[in-house]
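Participant: Got a predicted structure plus its sequence, pasted below:
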Amino acid sequence: MTDPLAEALALWGLAGADCTFVAGRENRVWRVRSARGDHALRLRRPGYRDEAELRSELDWLAALDRAGLQVPRPLPSRSGRLMERVGAGFADVLGWLPGRPLGQSRVPLVLEDRTGTYRALGAEIARLHAACDAWTPPPGFRRCRWDAEGLVGEAPVWGQFWDNPTLDPADRTLFLRLRDAARSRLAGTTADFGLIHADLVRENVLLDGGTIRLIDFDDGGFGYRLFDLATVLLKSLDEPDHPALRAALIAGYHELRPLDLSLLDLFIALRALTYVGWIVPRMAEPGGAARNARFVAEARALCTGWLQDNTARTGGGAA
């Protein structure tokens, strides 16, 4: 039987290079060190994304790299292709980006200039969105959609959060109320929409001196631009200076690009709900039950808060 890693290395002319396994949830990822530099070799998880979606991600990354964004640059194989079939799935190779993660989930941030970093991150997100709008995707480009259907439709991108089997009747009712209210709000919104990263958690933001780099576009696609800001802010809710971090992130974004923030808190609640669906097929993993409990509790608090605020704003209406 052919070793998929060895086969992929040979396809990129990297046979014999030093490899270190670094990740293995959605894709299996190795850091490859060779005379050509350091790279990330990914064996894509079969069935998670189809061939068109995988090729589209690489075309997108190449375009962002050409536009000057600090993102992983796809490396063509020896045949000139950005992706190759390996076994039952596909492989690709990206440039390895230097830097340290912004932080870790559930670990307090350790930053020398906290608001300055968030202001710079907001500006980098604005640059990302502007570069996406300036690019014309090629024919056949296809990525997932974090639109109303992808968030609160019948088949959300990360699963039907309201059917998480651990929910008690009160939580399920609460999440369905938020879903109904969000569907109503999003039905008539003109909120900024386009290609987004969609997963700007701390581990996917690298700091290298004054440079910010964005990695892991695996879940990127078409969505509301507020979703990218909401992801960053959701992950900093427990920080004691969260209001200052939020203000800095927004100020940095607005330095380069306008964005209507009227639905930002709704998108933070929706982002929390995505994890309630995402965890369902992963509950058997080590720590899965504890993660699920945290996701449900966080979503409960945010949904309750948004619905109360929304009721006060609308004079009693749910939407």
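Facilitator: Structure received. Numbering: from 1, shown residues only.
Participant: Just the element for the residue nearest the centre of the chain, please.
Facilitator: The centroid of the chain falls nearest to residue 199 when counting by CA atoms, centre = their mean (1.2 Å). Per DSSP states H and E, residue 199 falls between elements, in no helix or strand.
Participant: which residues touch it?
Facilitator: Going by CB atoms under 8 Å, 6 or more residues apart in numbering, residue 199 touches 216, 218-220, 231. Glycine gets a C-beta too; all of them are placed from N, C-alpha and C.
Participant: same check, this time on residue 103
Facilitator: If you count contacts by CB under 8 Å, 6+ apart, residue 103 has them with 109-111, 202-203.
Participant: where does it land in three-state SS?
Facilitator: Three-state assignment for residue 103 (DSSP: H, G, I helix; E, B strand; the rest coil): coil.
Participant: In helices, which of the contacts of residue 199 fall?
Facilitator: residue 231 (DSSP state H).
Participant: Show the model's pLDDT score for the closest residue to residue 274 other than its chain neighbours.
Facilitator: Taking CB to CB, 6 or more residues apart in numbering, and ignoring the residues beside it in sequence, residue 274 has residue 158 as its nearest neighbour in space, at 4.7 Å. The model reports residue 158 with a pLDDT of 96.
Participant: What of residue 26?
Facilitator: In this model, residue 26 is scored at 76, pLDDT.
Participant: Verify the contact between it and residue 46 for me.
Facilitator: No - contact criterion CB atoms under 8 Å: residue 26 and residue 46 do not qualify, at 11.1 Å.
Participant: Tell me which of the two has more neighbours.
Facilitator: More crowded of residue 26 and residue 46, by other CB atoms under 10 Å: residue 26, with 14 against 10.
Participant: Quick check: closest non-adjacent residue to the more buried one.
Facilitator: With CB to CB, 6+ apart as the criterion, residue 26 has its nearest non-adjacent residue at 5.3 Å, and that residue is residue 45.
Participant: still on that earlier bit, would you check how far apart the residue nearest to the centre of the chain and residue 98 are?
Facilitator: 20 Å (CB to CB, to the nearest Å).
Participant: for residue 303, same thing?
Facilitator: In this view, residue 303 and residue 98 are 39 Å apart by CB to CB.
Participant: Same check on residue 15?
Facilitator: Using CB to CB, we find residue 15 at a distance of 25 Å from residue 98.
Participant: got it, and residue 127?
Facilitator: Residue 127 sits 19 Å away from residue 98, going by CB to CB.
Participant: the more surrounded of the two?
Facilitator: For residue 127 versus residue 98, the count of surrounding residues by other CB under 10 Å is larger for residue 127: 20 against 12.
Participant: doesn't the more buried one fall inside a strand?
Facilitator: No - assigned with three-state DSSP, residue 127 falls outside any strand and is helix.
Participant: surely it meets residue 64?
Facilitator: No - using CB under 8 Å, residue 127 is not in contact with residue 64; the gap is 9.5 Å.
Participant: tell me the mean pLDDT for the helix or strand where residue 267 lies?
Facilitator: Per DSSP H and E, residue 267 falls inside helix 264-278. Taken as a whole, helix 264-278 carries a mean pLDDT of 98.
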